[in-house]
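> have a look at this prediction, sequence included:
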Amino acid sequence: MALPYITLGSPTTGGGKIISGQSSFLIEGKAIACVGDKASCPKHKCVATIMVGDNHMLVMDKAAAQHNSPLSCGCKCIGDQYLMVGDNGGGLGLETIKSSNISSATSQNQIDSFADEQKEIHKIQFQIIDEHDQKPLQELLYEIYSKDSGALLVKGYTDKDGLTAIYESEYSPETIELFTVDLSKPLEPL
């Protein structure tokens, strides 16, 4: 079952909100929250940590938090946006396409200062098409890497139209690479 991802400002079952996120991946203009990010918790009078996320959606090598992801205080995250990703499992193989480099923010002040810098934000989305029959490739594992550092920026699966999630970044598509993993063909020996 697909569950909504958690973003900066999403509510929690304890009456708090998510207070940190990864600005390298935005959903509806908000930083996505991942394992290790923080939430306020008025119920337990503490700052809690997101403990579990979706291991099939990694942002800066951290699992993305989803609706009902548990917090260290015992409360849970509540999804309040509409981006959902379905998953049928992982894969191996490798092909290259193109894609951007970013940094993560771990506090509200960093997120605010990021927005205040007035940098141009690019919305990047790829559609992966079979080169033989020109049909979209569904539920295909993809990984987006920085061309400069080689760091893994985000990982996910294409949707029913062969589209990746929309990736919002201050960097252009020319500064990132998209790798796909296709299990429909046997792997070549190393």
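Happy to help now that I have it.

> which stretches in this protein count as helices?
Secondary structure of the chain (DSSP state H): helices at 108-116.

> ranges for the strands of it?
Taking DSSP state E, the strands of the chain run over residues 22-27, 30-32, 38-41, 46-49, 54-59, 62-64, 95-96, 122-124, 141-146, 152-157, 167-169, 176-181.

> parallel or antiparallel, list what pairs with the last one.
By that I understand strand 176-181. strand 95-96 (antiparallel), strand 141-146 (antiparallel) (DSSP bridges).

> I'd like the distance from that strand to the chain centre, please.
14 Å (C-alpha atoms, centre = their mean, to the nearest Å).

> what of the fifth one?
Mean-position distance between strand 54-59 and its chain equals 7 Å (C-alpha atoms, centre = their mean).

> ok, back up a step: with mean pLDDT added, can I get the strands paired with strand 176-181 in a markdown table?
Converted to a markdown table, those look like this (pLDDT from 0 to 100):
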| stretch | mean pLDDT |
| --- | --- |
| strand 95-96 | 34 |
| strand 141-146 | 82 |
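
> and of the ones you listed, who's closest to residue 9?
For the strands paired with strand 176-181, proximity to residue 9 was assessed by C-beta to C-beta; strand 141-146 is nearest, at 24.2 Å. Backbone N, C-alpha and C define where each C-beta goes, glycine included.

> comparing the strands of the chain, which comes out most buried?
Of the strands of the chain, the one with the most neighbours on average (mean count of other C-beta atoms under 10 Å) is strand 30-32, at a mean of 27.

> of the strands of the chain, which is nearest residue 72?
The closest of those to residue 72 is strand 46-49. By C-beta to C-beta, the value is 4.4 Å.

> what's the spacing between the residue most central in space within the chain and residue 23?
Centroid check for the chain by C-alpha atoms, centre = their mean gives residue 59 as the closest residue, at 4.8 Å. Distance of residue 59 to residue 23, given as C-beta to C-beta, to the nearest Å: 10 Å.

> reformat the strands paired with strand 176-181 as TSV; add distance to residue 167.
Shown next, in TSV, are the strands paired with strand 176-181 (distance: least, C-beta to C-beta, whole Å):
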stretch	distance to residue 167
strand 95-96	17
strand 141-146	6
